[in-house]
Every structure is written in structure tokens, then in C-alpha cells.
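1. Have a look; sequence and predicted model below, questions after that.
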Amino acid sequence: MNTIIFGFAYLLSGVLFILALKGLSSPVSARKGNTYGMIGMTIAVVTTLLIHGSGLDLSRYTNLIIAVAIGGTIGSILARKISMTALPQLVAAFHSLVGLAAVFVAIGAYKNPEAFFAGGIISTGSMIEMSLGLAIGAITFSGSVVAFAKLQGLVSGNPLVFKGQHLINLVIFLAILVLIYMAAMDIKTEQYFWAIVGLSFLIGFLVVLPIGGADMPVVVSMLNSYSGWAACGIGFTLQNTALIITGALVGSSGAILSYIMCKGMNRSIVSVLLGGFGGDAADPAMASGSAQQGTVKRGSADDASFIMSNAQKVIIVPGYGMAVAQAQHALREMCDILKEKGVEVRYAIHPVAGRMPGHMNVLLAEANVPYDEVFELEAINHEFATADVAFVIGANDVTNPLAKTDPTSPIYGMPILDVEKAATTLFIKRSLATGYAGVDNDLFFRDKTMMLLGDAKKMTEEIVQALNLN
Amino acid sequence: MEFLSFFSIFVLSVFVGFYVVWGVTPALHSPLLAVTNAISSVIIVGGLIAAVASTGVDLSSTMGLIAVLLASVNIFGGFMVAQRMLAMFKKKNK
């Protein structure tokens, strides 16, 4: 009887998690969805304690309460204090924790089969499931640690490539598969189990190291997906419906995000994984001299203010540079003044702008930009033709027309925002350097373009001042 | 046969995930990452089982306890940061 009730409880928690994701279909329903998620989590935890926690001495519960209290406090503080610019790092760090938790659960189950398996015997099937969860968890952990270090700037965002890299990765990958097979055939031999842990940690590091900073949206989504599959593997081991459902949801969610990000760059997931493409945005001091292919029209904040206050429609194109300069608040202020002057203002977001999916939307929301002024590429691209000004702030490659015209360009085929179709294009950039793809943007040299060279935040603030004077 | 029923749940959940996530508006992809982060920490269940299994201190229960701690960071952090992001998304004319 109880087993049935508990079974239903886990199922309910899985369903609530589905509703949590369903809520995200619109900002209106999203908060309610989040509440469903929290309820689902509570049900899963309480159910587990009811099944497995009966008849234990209080000291064990004390340990659990302390563990949850410490973890919960750390998590809450991080969630409250983190700046929205640093969000990608936080998400990467969180992924690493899911991965590590999966590893620890697998070790716990392996060392104490009585608690996890009927009759205390690990079957061959369970061992395979557990090893898969263990391996994916370990890869998620070490991969996310590297992603975190790159996003946080602890290690260079530039791709780290060395000779024979892919061969080594392939060999390690095959070795892990062989070890999983051997572990399943010979469950008692602990060495196989630990070797899976070690090699999986190693390959996680090796796979993410060669991937450049600009590909981080894909990496973050991919690790999100892995963390789901790891949970799934453990879910099969524990025969727990809530875990299996959730793992599958998260796994496919991360996979879809990876797909969207890859499509946004017109790259295949394989080429991203092979790495070597796109480091941090090119160093301005280093590259400023390299782009002398024509005359550039430079403008001042006053010029920009004049052009925009006489426009009817301005489309803002934010990029990672805006995030780095923390220019979103000044930008919103600028747009408020423009709107007061009767200018129609809209925002255009490229799918891969920023360092994680949806990063720009969150930064704009943080600066109180209403979300119904913010549009995705497909929804707004045709409007550039009727816009008087395209105001590009901290973006580059995602506006480069070469992606359409030059089949030899590394960014060829990437969907771009058609800022060239606007009557005037204003670029705020620190320099004329190339973007992450290392490609010159010939928009900089066109007659309709005016370059506003400087820090995105400072320049925007100057435009705000100029607008206020007029 | 038991495996088959769990595997069925798995396959159907992948499909549910596929359709639900395609329905997520791109503007909320960052909160989506935070929420999926939080819910995948339901792996805390495994940590709890290991932690409460034995009365003494051994490798398995210690691992379970650490897993519980790590998953808690994620559960609280993930839901709260998602909440914080979602609170910022407002419509025009407040």
C-alpha cells in the first residue's frame, strides 16, 4: 500500500517539475511555475525521508539538517549576491555541483548496496546504469569547473589546443566504455569503478579546455544537458521515477538549448566540441591597427544624440560588450529620454549574444526594460529596413554582412541582424578590432555607419547628457 | 520487465521535455537554465538514501551527506536566482 502512495508521490513531483518548465513559456506564468518546482522538490525530499528515514536515531537527522542548512545558506547567498553579468559563471558552478552530487551518490550506492538495491545485490543492469550516471556526472563536474574558470577569467578564454588532443580524448572515451563493461561484468573489483571516476574527471577537463570563450553559450547548455543525463543514470539505479523524469527533462532541455545556440552561430555541435574556435574578444590594443581597409566615420556623443533625437524609430542591438561594461542601465536611461521625445525604441537580441542563452534579456530586464520592447532575431529582423537608426552596443560579429556574402568567411551562414538596412548605423565599440571570430566587419567603413569609439557605459552616459541638453 | 517500464517513463519524459522546452520563450532561456539546475538537484534523493542508511560513520553515508549538501546549494540557489530573474521581467507602463 505504502509503496503505491510513495510511487504516486514521486510521480507527482515529476509532474510538478514538468509544470515548472511549462510555466517558462511566458514571463507571466513563470513565477507560478517556479513555485511548482519548489513544491515538487519538497515532495521528493519528504517522500524519501518517509521511505528510508524511518527508525533512525536523531543524530543522523541532525547531520542532514546541518548539511541542508549549510548548503541552503550558501545557495541563497550566491543567488542573492550574484551580479547578473556573472550569471553564466554561477550556472556553470551549479552544474558542477549536480555532477559532483551524482558522483557521490554513485559512490554511496556502490559502497552500501544494502541501502539501495533489493537484496543488497548490484545487478549487471544496475551497475551499467550507475556507471553511466557516475561517468556523466564526473564529466559534468570537471567540464563545468573549466567552463566556470573560463567565464570567471581564472583561465584564458582562448581555446587551448595541442597536438593529438582529439586522439587522446577518443582513447579516454573508449577506455571509459570498456571500463563500464568490465565493471558490470565484475562488480566486486573496485579498481574498475574508481578508474571510471578518474578517467571521466579527466575527459571532462580535456573536452572543455579547447573550447573558446565565444562558444560558451553552447558549452553551458551542453553541460546543463549532461547534468540531466547524469541524474537520469542515477534515477535508473535507484528506480526512482522523479529522478528519471527530471533527468530526461533537463537532458532534453539542455540539448535543445545547445541546438539553438549552434544554429545561432551556424556551427555544428561537433565543430564546437572539437574546439579551437573563438577566444575572448580580440584585445583592442593589439588589433586596433590591423583593420585599416577604408575610412571610418567617427562620431561623438553629441552627433549620436542629434541623429537619434531626430529619428522616428531606433533599434538597439546589445552584445556581450554591453554586459562587460555594465552599460544596460545607462542604455535604458537613454531609451527613456528618446521615448519621451516621441522616438519608437525596440531591442533586437541575437540568439548567441552574451555568454549564456537569454543573457541579454536578463540584463535588459535588470535595467527595467519592459520585455515587450525586446524582440528575437526572427521577430524583428525585417524592421531594420524601416528603422532610422540601428544602435549597436557591444556587439560585432552578429551584425557582420559578410556572414551572408562571403562563403570563405568563418562566420558564413550565421544568421545576422540586418543593421546594414537601417538608414544610419551607430556602433559603440572600444576599438575597430575584430570580434571573436577574428573577421573584419566592413560595416564599420560604410558611409551610413558612424563609429562611437569608447567604453560602452561612458559613451552611453555621454549621449544621455547630450540628449538632456537638447 | 521492470527495466522496460522505467525505460518507457524515460523515453516519454524525453518527448515531454522536448515539446515543453521548445515552448519556452527565448527571453527566458537564462531562467530556464537556473530552474533545470534546481530541479536536476532532485538527485538529493540519492544522497538522502545513502546518508540515512547506516547509523555509524562510513564512506557511503559521508558521501550521501556531502551529496545532500551540494544538492542543497543548487536547490536553494537555483530556485532563488530564477525567482530573482523572473521578478525583473516586467511589462510596459508599470
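-> Received the coordinates, thanks. This is a predicted model, so every value here is computed, not measured.

2. tell me, how many neighbours does the closest residue to A:G53 other than its chain neighbours end up with?
-> Nearest residue to A:G53, sequence neighbours excluded (CB to CB, 6 or more residues apart in numbering or on different chains): B:V52, at 4.9 Å. For every residue, glycine as well, the C-beta is placed using N, CA and C. Using other CB atoms under 10 Å in any protein chain shown, B:V52 has 25 other residues around it.

3. Was I right to think B:V52 contacts A:L64?
-> Yes: checked against CB atoms under 8 Å, the pair B:V52 and A:L64 is within contact range at 7.2 Å.

4. Which residue lies nearest the spatial centre of chain B?
-> B:I39 (1.7 Å; CA atoms, centre = their mean).

5. what residues are up against that residue?
-> A:F17, A:A20, A:L21, A:G37, A:G40, A:M41, A:T246, A:L249, A:V250, B:G78 (CB atoms under 8 Å, 6 or more residues apart in numbering or on different chains).

6. Quick check: it is in a helix.
-> Yes: assessed by DSSP: H, G, I helix; E, B strand; the rest coil, B:I39 belongs to a helix.

7. can you tell me the helix or strand for the nearest residue to it once chain neighbours are set aside?
-> Among residues not flanking B:I39 along the chain, A:F17 sits closest, at 4.7 Å (CB to CB, 6+ apart). Using DSSP states H and E, A:F17 maps to helix A:2-23.

8. relative orientation of the lowest-mean-pLDDT helix or strand in chain B and helix A:2-23 in degrees?
-> Within chain B, no helix or strand scores below helix B:44-53, which has a mean of 91 by mean pLDDT, DSSP states H and E. Interaxial angle of helix B:44-53 relative to helix A:2-23 (axes from the mean of the first three to the mean of the last three CA atoms, to 10 degrees): 150 degrees.

9. Report all helices and strands that helix B:44-53 contacts.
-> helix A:27-52, helix A:58-81, helix A:87-111, helix A:113-116, helix A:216-238, helix A:241-265, helix B:59-88 (3 or more CB pairs under 8 Å, 6 or more residues apart in numbering or on different chains; DSSP states H and E).

10. Pass me the low-pLDDT residue ranges in chain B, would you?
-> B:1, B:55, B:93-94 (pLDDT under 70).

11. Next up, the contacts around B:F10.
-> Counting by CB under 8 Å, 6+ apart, B:F10 has contacts A:C232, A:F236, A:I244, A:G247, A:A248.

12. switch to 7 Å and redo it
-> By CB atoms under 7 Å, 6 or more residues apart in numbering or on different chains, the contact list for B:F10 reads A:C232, A:I244, A:A248.

13. The residue lying closest to the second one once chain neighbours are set aside: neighbour count?
-> Looking back up the chat, that one is A:I244. Closest residue in space to A:I244, ignoring its immediate chain neighbours: A:G235 at 3.8 Å, by CB to CB, 6+ apart. Residue crowding around A:G235 was assessed by other CB under 10 Å; the count is 30.

14. I'd say A:G235 and A:A248 touch.
-> No: with contact defined as CB atoms under 7 Å, A:G235 does not count as touching A:A248 (8.5 Å).

15. Near the closest residue to chain B within the stretch 251-400 of chain A, how many other residues are there?
-> Across the stretch 251-400 of chain A, no residue is closer to chain B than A:G358, which sits at 3.1 Å (CB to the nearest CB). Using other CB under 10 Å, A:G358 has 26 neighbouring residues.

16. what's the answer for A:L174, then?
-> 10.

17. What segments of the stretch 251-400 of chain A are strands?
-> A:313-318, A:344-349, A:374-376, A:389-393 (DSSP state E, counting those that start in this stretch).

18. And the contacts of the third one?
-> The set of residues that contact strand A:374-376 without belonging to it, under CB under 7 Å, 6+ apart, is A:R346, A:Y347, A:A348, A:I349, A:N361, A:L364, B:P26, B:A27.

19. ok, which pair from these is furthest apart?
-> A:R346 and B:P26 (15.5 Å; CB to CB).

20. So for the two, which residue has more residues nearby?
-> Shown here are A:R346 and B:P26; by other CB under 10 Å, B:P26 has more neighbours (21 against 17).

21. Run a quick neighbour tally on the nearest residue to that one once chain neighbours are set aside.
-> The shortest distance from B:P26 to any non-neighbouring residue, by CB to CB, 6+ apart, is to A:E376 (5.1 Å). Neighbour count of A:E376, defined by other CB under 10 Å: 15.

22. Show me what A:E376 is bridged to.
-> Listed by DSSP bridges, the beta-bridge partners for A:E376 are A:I349.

23. Quick one, grab the pLDDT at it.
-> pLDDT recorded at A:E376 is 93.

24. Nearest to A:R332, out of the helices and strands packed on helix B:44-53?
-> helix B:59-88 (11.9 Å).

25. What is the closest one packed up against?
-> Helices and strands touching helix B:59-88, as assessed by 3 or more CB pairs under 7 Å, 6 or more residues apart in numbering or on different chains; DSSP states H and E, comprise helix A:27-52, helix A:58-81, helix A:87-111, helix A:359-366, helix B:29-40, helix B:44-53.

26. do you know which of these lies nearest A:E462?
-> Between these, helix A:359-366 lies closest to A:E462; by CB to CB that is 20.5 Å.

27. With adjacent residues omitted, what lies nearest to residue 38?
-> Defaulting to chain A. B:F79 (5.5 Å).

28. actually chain B
-> Leaving out its chain neighbours, B:A38 is closest to B:G78 (CB to CB, 6+ apart), at 2.8 Å.

29. In contact with that neighbour: list those residues for me.
-> Counted by CB under 7 Å, 6+ apart, B:G78 has contacts A:F94, B:A34, B:V35, B:N37, B:A38, B:S41.

30. circling back: just to check, the residue nearest to B:I39 is in contact with A:N34?
-> No: A:F17 is beyond contact range of A:N34, at 11.1 Å (criterion: CB under 7 Å).

31. Compare neighbour counts for those two and give me the winner.
-> A:F17 (30 against 25).

32. re the thing from before, point out the most buried one among the helices and strands packed on helix B:59-88.
-> helix B:29-40 (a mean of 31; mean count of other CB atoms under 10 Å in any protein chain shown).
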